[in-house]
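Q: Sequence and computational prediction follow.
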Amino acid sequence: MKLLLKILGALVVLAAVVVGAGLAYFFLRYPNVPAAETVTVPKTPERVARGKYLAEHVTGCVVCHADRDWSVFSAPVVGGTAGKGGQRFGFGLEPFVLYAKNITPAGLGEWTDGEVIRAMTTGVGRDGTALFPLMPYPHFGKLAREDVEAIVAFLRTLPAVANPPEPARSLNFPLPLIVRTIPTAASHRPMPSPSDRVAYGEYVINAALCSDCHTPIDGQGAPLPGMDYAGGMVFTPNGSGLVRSANLTPDAGTGIGTWTEQQFVDKFRAFRGAPARRLEGAERDQQTEMPWTDYAGMTDDDLAAIYAYLRTQKPVVNRVEKFAGTP
């Protein structure tokens, strides 16, 4: 009996050593991305202007890393908070709670340009932490290198806004392990010529992150096969109400198949310079995550290119009830 207990004890110790060694290897192996480059981004007026356009109207940097006024339709950015961080993501439906980081010089002042680029495009922070992919580094890693550098140049010009440290993120198990495996090396590609409207539209729609909100996902967060841009993703804007994303496929009955290019562009143009519409009472439960007032600043040509690309997608019959019911 004593011999049996000794054997069992040895097996337990051996299993613990194997598990410990496996975990040690896992944590040393991941995240697996190249080291941050030694690079200084030139802050030319042209590069800063391009970065400002992208960060404010295309890639969502400003709208995510700022305070938003959720009492107003589409929750525009509160003046003076651009880049300050602190915005919360995750209000119960999601298996996580995250807080946007301060990306003004008050938050990134000690970061090198190479470290900022690595975080943006590979998903690994200055301290080696793997970033949750709500920070859309899988998209930004596909941008042209000059556009990434333009965004970095613009961020360096933001007014420094001191902000208390953000609360620590909360990830339900096994997300802490999964997140470590997601970062990967960037795969920058040249920007297509705007004359190739479909290819250029694919580039812009990747930068604008449209698929992240308009492609439904399964319980593990993976996009549902065959449902690209078909809508139906559930959101609880700022933890209040419930809204589903629209079907952007060219299905005539449930998507945008009957829309003309002009109608698509005009949908965004309607919010350019439009007065803020404050939501009262029950209207607050019919808020939207869609930052119309930010995307409205996209050029007509970029919006038309997105439309051209969406027209090439497979029509998917998926009738979305925007506010009705529960998830």
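A: Ah, there it is. Computed from a prediction, not measured in an experiment: that's the story for all the values here. Numbering: from 1, shown residues only.
Q: Which residues are in contact with Asp294?
A: Counting by CB atoms under 8 Å, 6 or more residues apart in numbering, Asp294 makes contact with 56-57, 60, 62-63, 76-77. Bear in mind the C-beta positions are built from the backbone N, C-alpha and C, glycine included.
Q: so can I have TSV of the residues you listed showing neighbour count?
A: As requested, those are exported to TSV (neighbours: other CB atoms under 10 Å):
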residue	neighbour count
Glu56	19
His57	21
Gly60	20
Val62	22
Val63	23
Pro76	18
Val77	21
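Q: just curious, which of those residues is nearest to Tyr137?
A: Closest approach to Tyr137 among the contacts of Asp294 (CB to CB): Gly60, at 12.6 Å.
Q: what about this structure, any weak spots by pLDDT?
A: Along the chain, the model assigns pLDDT under 70 to residues 1-30, 324-327.
Q: can we see that at 90?
A: The chain contains residues with pLDDT under 90 at 1-32, 90-95, 163-166, 218-222, 236-242, 273-276, 280-286, 323-327.
Q: Going along the chain, name the helices of it.
A: Listed in chain order, the helices of the chain (DSSP state H) span residues 2-29, 45-57, 61-64, 105-108, 113-122, 137-140, 145-155, 175-181, 197-207, 210-214, 261-269, 292-295, 300-310.
Q: Centre of the chain to the fifth one, how far?
A: Spelled out, it's helix 113-122. With CA atoms, centre = their mean, to the nearest Å as the basis, helix 113-122 stands 15 Å off its chain's centre.
Q: Next, the angle from that helix to helix 145-155.
A: Here helix 113-122 runs at an angle of 120 degrees relative to helix 145-155 (axes from the mean of the first three to the mean of the last three CA atoms, to 10 degrees).
Q: tell me which strands and helices helix 113-122 is in contact with?
A: Identification of packing neighbours for helix 113-122 by 3 or more CB pairs under 8 Å, 6 or more residues apart in numbering; DSSP states H and E yields helix 137-140, helix 145-155.
Q: show me what contacts the nearest residue to Leu242 once chain neighbours are set aside?
A: Distances taken as CB to CB, 6 or more residues apart in numbering put Thr236 closest to Leu242, at 5.6 Å, once the chain neighbours are dropped. The contact partners of Thr236, taken as CB under 8 Å, 6+ apart, are 91-93, 242-243.
Q: Nearest to Thr215 among those residues?
A: Nearest to Thr215 out of the contacts of Thr236 is Val243 (CB to CB; 15.8 Å).
Q: okay, now that closest one: neighbour count?
A: Residues near Val243, counting by other CB atoms under 10 Å, number 19.
Q: what about it, distance to Val317?
A: Separation of Val243 from Val317 (CB to CB, to the nearest Å): 21 Å.
Q: so where's the longest strand in this structure?
A: Using DSSP state E, we find that the single longest strand of the chain is strand 96-99.
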